[in-house]
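Q: A predicted structure for the sequence below; I have some questions about it.
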Amino acid sequence: GAIIGVFVFWDLSIRAFGIRPFILPSPGQVFESLIQDWDVLGPAMLFTLYEIVAGFALAVLFGIALAVAIVSWRPLDKAIYPVLVGLQVVPKVAIAPLFVIWFGFGIEPKILVAFLIAFFPMVISTVVGLRSIEVEKIYLARSMGASAVQTFFKIKLPNAMPSIFGGLKLSITAAVIGAIVGEFIGADQGIGRVLLIANGELETDLLFAGIFLLSVTGVVLFLIIFGFERVVVRW
């Protein structure tokens, strides 16, 4: 209902103030462009979706592995944590041009930018989850003869799952941002390139259609993670 209200307010505002389409198109014009230009938007969105999923998968794989190593070995915690914070505060827009220089205008720089932006929340959320367990549970497992591996998979990991899924939801939205940032810096394909071309040619309806498609894709990916969380973390 709130979303419908936004679209109604948007349309009524354009009619009331006589806003020109090249400044702000109506919702009808945006959806019309979405249909008419689907032959451009569809393949571009699929290409960007591949970048998003690839960057997100890398962030999950390396993020969880590094978090487990940080929690398991204190010297690594002291050595790596400051480096992670330092990398996080560096604007990824400033790093993206380097990836273009090193890897060209192909898909690799976009995946790397998506990975970098999605990586930090994945690590932090997993570390917080693994450290949130009560120490009495660890003592209990040891008193019952559980090995370190059994303790991790039967106690630590299930206890950390809510935090891990929080990191997954943050990371998937960050990966969407990262892929678009990479495409804005330099790309020959993808929805980011379509947005840049539409902006340069003042095709505002196409620009809004691309933004709408990108937003819907991000929401769908978020809901997939949310649904998977409801299955895995049933409690």
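A: Right, received. Where do you want to start?
Q: C-alpha only now, for contacts and for neighbours.
A: Fine.
Q: can you give me the strands for the protein?
A: Using DSSP state E, the chain contains no strands.
Q: least trustworthy helix or strand in it by mean pLDDT?
A: Of all helical and strand segments in the chain, the minimum by mean pLDDT, DSSP states H and E falls on helix 92-103, at a mean of 77.
Q: could you export that helix as CSV, CA atoms only?
A: Provided in CSV are the C-alpha atoms of helix 92-103 (Å, rounded to 0.1, in the frame of the first residue of the first chain):
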residue,chain,number,x,y,z
LYS,A,92,35.8,1.9,-3.2
VAL,A,93,35.2,4.5,-5.9
ALA,A,94,38.9,5.4,-5.5
ILE,A,95,40.0,1.8,-5.8
ALA,A,96,37.8,0.9,-8.8
PRO,A,97,39.9,2.8,-11.4
LEU,A,98,43.0,0.8,-10.4
PHE,A,99,41.1,-2.4,-11.1
VAL,A,100,40.2,-1.1,-14.6
ILE,A,101,43.9,-0.4,-15.2
TRP,A,102,45.0,-3.8,-14.0
PHE,A,103,42.2,-6.0,-15.4
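Q: now stretch 64-74: buried residues?
A: By 16 or more other C-alpha atoms under 10 Å, the buried positions in stretch 64-74 come out as 64, 66-68, 70-71.
Q: give me the residues contacting that stretch.
A: Stretch 64-74 has contacts (C-alpha atoms under 8 Å, 6 or more residues apart in numbering) with 76-77, 80, 122-124, 126-127, 130-131.
Q: please redo it, this time with the cut-off set to 7 Å
A: 76-77, 122-123, 126-127 (C-alpha atoms under 7 Å, 6 or more residues apart in numbering).
Q: and what of stretch 118-129?
A: Under the criterion C-alpha under 7 Å, 6+ apart, residues 56, 59-60, 63-64, 66-67, 71, 88, 159-161, 163-164, 166-168, 170-172, 174-175 lie in contact with stretch 118-129.
Q: same question for stretch 10-25.
A: With C-alpha under 7 Å, 6+ apart as the contact definition, stretch 10-25 has outside contacts at 26-27, 202-205.
Q: hmm, which of the contacts of stretch 64-74 is lowest in pLDDT?
A: pLDDT across the contacts of stretch 64-74 is lowest for Asp77, at 78.
Q: which residues sit in contact with it?
A: Counting by C-alpha under 7 Å, 6+ apart, Asp77 makes contact with 70-71.
Q: mind checking the longest helix of the protein?
A: In the chain, taking DSSP state H as the definition, the longest helix is helix 38-72.
Q: and it, which residues are buried?
A: Within helix 38-72, the residues that count as buried by 16+ other C-alpha under 10 Å are 38, 41-42, 44-45, 48-49, 51-60, 63-64, 66-68, 70-71.
Q: now it: mean pLDDT?
A: 92.
Q: surely Ala179 is in contact with Pro109?
A: No. Using C-alpha atoms under 7 Å as the test, Ala179 is too far from Pro109 to be in contact (8.8 Å).
Q: much appreciated, bye for now.
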